[in-house]
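Undergrad: The sequence isn't on hand, but the structure is:
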Ligand code: NZQ
Ligand code: ZN
């Protein structure tokens, strides 16, 4: 096990009706808030009214930035930064899915920075400060509610880049599983795929002697597998939605399951290039890319793939070669994603081979990807081709 330091400052407020605690939590950060939300789902569900009344009740003036796109755009982040600066707003409140949370983090980081917030994402500068941020999560997927990451798309450059900053951890996140009852089937699938792949990025590594972390990963994966379909079949199944929500938060919160282990993240970078050009849902892209990454790299540490097949998919290894068991585990992963209705090929989402080399070159723009197997441009292109 590697040495590590782990600190996560986000306060999680979990359970049905917890939105009623919003005003009290937000009041700790002044009397002006920028309320950030997406394309309108929070208005349909009534959450918008609830949030506004909470803010009003606690004497907080609400300014609004609506219309955060799935795959949130830098141009929209700039608008939020302007509103905050013009109105002396000292607190950002994100109400929505990962895209809204990520855009809000970028706004919070951008307000006190004199340059363009995109500098952080291009590794040209390091954030020294941010406005405080609170969130109300409406979609279980990214883990953004309890982590320091944000992923922003510069649409003019077709670049989608992530940035991690200790200043971007939400101060609090309200996680009410009933707010996810209206998440449609496809987004429920993409969310499940996304959180599973977050675990994969941490689980497939070469670090020895990490049995606790491995079992934490495996238990999250099994819990997602048990609950994703239940949530799709019965969208208001509280237990299923609550379990998925907790899995999403645990899967990627800066270390809870991954302390002391190397991590990979190549597949995420490979997916981000797809979203940056074709604007597909992140989870849909991962559903296509991840099993092909697995096929490309499994021989690097076949025992981990055998362990995955046996412990997560209950595959019986008796009488089989390691190779066969590992491949069965990869196939089971693909079949599960497909059973949720998530795609398996680029063709299914209308993507051909014409821009593969461009995406592969951009993906390795900051150097080779991953740790489990270091991927150069040719490897990344090969994974895109396997995904056609
Ligand atoms: O915009 P609205 O109207 O709210 O609709 C959204 C959007 O169309 C809808 N939705 C959200 N909550 C809903 C709902 N519809 C009905 N009922 C609800 N309760 O769902 C659609 C997708 O929302 P989005 O926020 O884009 O989804 P997700 O949470 O999957 O976030 C994806 C983004 O997060 C990034 C991805 O790259 C992508 O840009 N990621 C962020 C990470 C992080 N911060 O740690 C890590 C991830 O790996 C990922 O890269
Ligand atoms: Zn992800």
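TA: Alright, I've got the coordinates. No experiment lies behind these values; they were computed from the predicted model shown. Ligands and ions are numbered 1, 2, ... in the order given.
Undergrad: Please give me every residue in contact with the residue lying closest to residue 350 once chain neighbours are set aside.
TA: With sequence-adjacent residues excluded and distances taken as CB to CB, 6 or more residues apart in numbering, residue 350 is closest to residue 278, at 7.5 Å. For glycine as for every other residue, the C-beta is placed from the backbone atoms N, C-alpha and C. With CB atoms under 8 Å, 6 or more residues apart in numbering as the criterion, the residues that contact residue 278 are 349-351.
Undergrad: Buried ones among these?
TA: Neighbour counting with 16 or more other CB atoms under 10 Å marks residue 351 as buried within the contacts of residue 278.
Undergrad: Dump the contacts of residue 278 to JSON lines, plus distance to ligand 1 and pLDDT.
TA: Rendered in JSON lines, the data for these read as follows (distance: CB to the nearest ligand atom, whole Å; pLDDT from 0 to 100):
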{"residue": "349", "distance to ligand 1": "15", "pLDDT": "98"}
{"residue": "350", "distance to ligand 1": "18", "pLDDT": "97"}
{"residue": "351", "distance to ligand 1": "16", "pLDDT": "98"}
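Undergrad: Save the contacts of residue 278 as a markdown table, and put in secondary structure too.
TA: Compiled in a markdown table, those are given as follows (DSSP: H, G, I helix; E, B strand; the rest coil):
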| residue | secondary structure |
| --- | --- |
| 349 | helix |
| 350 | coil |
| 351 | coil |
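Undergrad: Please list all residues in contact with the closest residue to ligand 1 within the stretch 251-388 of the chain.
TA: For the stretch 251-388 of the chain and ligand 1, the shortest gap (CB to the nearest ligand atom) falls at residue 282, measuring 3.7 Å. Going by CB under 8 Å, 6+ apart, residue 282 touches 71, 98, 141-142, 151, 190, 194, 271-272, 275.
Undergrad: how about 10 Å then?
TA: 70-71, 98-99, 141-142, 151, 160, 190-191, 193-194, 197, 268, 271-272, 274-275 (CB atoms under 10 Å, 6 or more residues apart in numbering).
Undergrad: just the contacts of residue 278 now: which is nearest residue 319?
TA: Out of the contacts of residue 278, the one with the shortest distance to residue 319 is residue 349. That distance is 38.4 Å, counting by CB to CB.
Undergrad: Pretty sure that closest one sits against residue 274.
TA: Yes. Using CB atoms under 10 Å, residue 349 is in contact with residue 274, at 8.2 Å.
Undergrad: Now list whatever residues contact both of those two.
TA: Shared contacts of residue 349 and residue 274, defined by CB under 10 Å, 6+ apart, comprise 280-281, 284-285, 288.
Undergrad: just to revisit the earlier point, pLDDT score for the residue of the stretch 251-388 of the chain closest to ligand 1?
TA: pLDDT, residue 282: 98.
Undergrad: separation between it and residue 97?
TA: Spatial separation of residue 282 from residue 97 under the definition CB to CB, to the nearest Å is 10 Å.
Undergrad: who touches both of those two?
TA: Residues touching both residue 282 and residue 97 (CB under 10 Å, 6+ apart): 70, 141-142, 191.
Undergrad: What residues does this structure have near ligand 1?
TA: Listed as neighbours of ligand 1 in the chain under the rule CB under 6 Å from any ligand atom: 38-41, 70-71, 96-100, 102, 138-139, 141-144, 147, 149-151, 179-180, 182-183, 187, 190-191, 194, 252, 268, 282-283.
Undergrad: can you tell me the average pLDDT over the helix or strand hosting residue 76?
TA: Following DSSP states H and E, one finds residue 76 within helix 74-87. Per-residue pLDDT values over helix 74-87 give a mean of 98.
Undergrad: What of stretch 214-234?
TA: Across stretch 214-234, the per-residue pLDDT values average to 98.
Undergrad: Give the buried residues for that stretch.
TA: In stretch 214-234, the ones that count as buried by 16+ other CB under 10 Å are 214, 216-221, 223-225, 227-229, 231-232.
Undergrad: Give me the buried stretch members for stretch 379-387, please.
TA: When neighbours are counted by 16+ other CB under 10 Å, the buried residues of stretch 379-387 are found to be 379-384, 386-387.
Undergrad: and of the residues you listed, the nearest to residue 89?
TA: The closest of the buried residues of stretch 379-387, once distances to residue 89 are taken by CB to CB, is residue 380, at 40.7 Å.
Undergrad: Correct me if wrong: the closest one contacts residue 373.
TA: No. Taking contact to mean CB under 10 Å, the distance of 11.3 Å between residue 380 and residue 373 leaves them out of contact.
Undergrad: Now do the shared contacts for those two.
TA: Overlap between the neighbourhoods of residue 380 and residue 373 consists of 266, 293, 296, taking contacts as CB under 10 Å, 6+ apart.
Undergrad: Narrow those residues to those that are buried.
TA: Once neighbours are counted (16+ other CB under 10 Å), the buried part of the shared contacts of residue 380 and residue 373 comes down to 266, 293, 296.
Undergrad: pLDDT averaged over stretch 3-16 - what is it?
TA: The predicted model gives stretch 3-16 an average pLDDT of 97.
Undergrad: cool, stretch 44-55 as well?
TA: If you average the pLDDT over stretch 44-55, you get 97.
Undergrad: Can you give the distance from that stretch to the centre of its chain?
TA: 25 Å (CA atoms, centre = their mean, to the nearest Å).
Undergrad: Now do the buried residues in it.
TA: 45, 47-48, 50-51, 54-55.
Undergrad: quick one: contacts for residue 106?
TA: Residues in contact with residue 106 (CB under 10 Å, 6+ apart) are 72-74, 76-78, 80-81, 92, 117-118, 120-121, 127, 130, 150-152, 163, 165, 168.
Undergrad: right, I mislabeled it, should have said residue 168
TA: The contact partners of residue 168, taken as CB under 10 Å, 6+ apart, are 101-102, 104-106, 108-109, 120, 127, 130, 133, 144, 147-150.
Undergrad: cutoff 6 Å now
TA: For residue 168, the contacting residues are 105, 109, 130, 148, taking CB atoms under 6 Å, 6 or more residues apart in numbering as the criterion.
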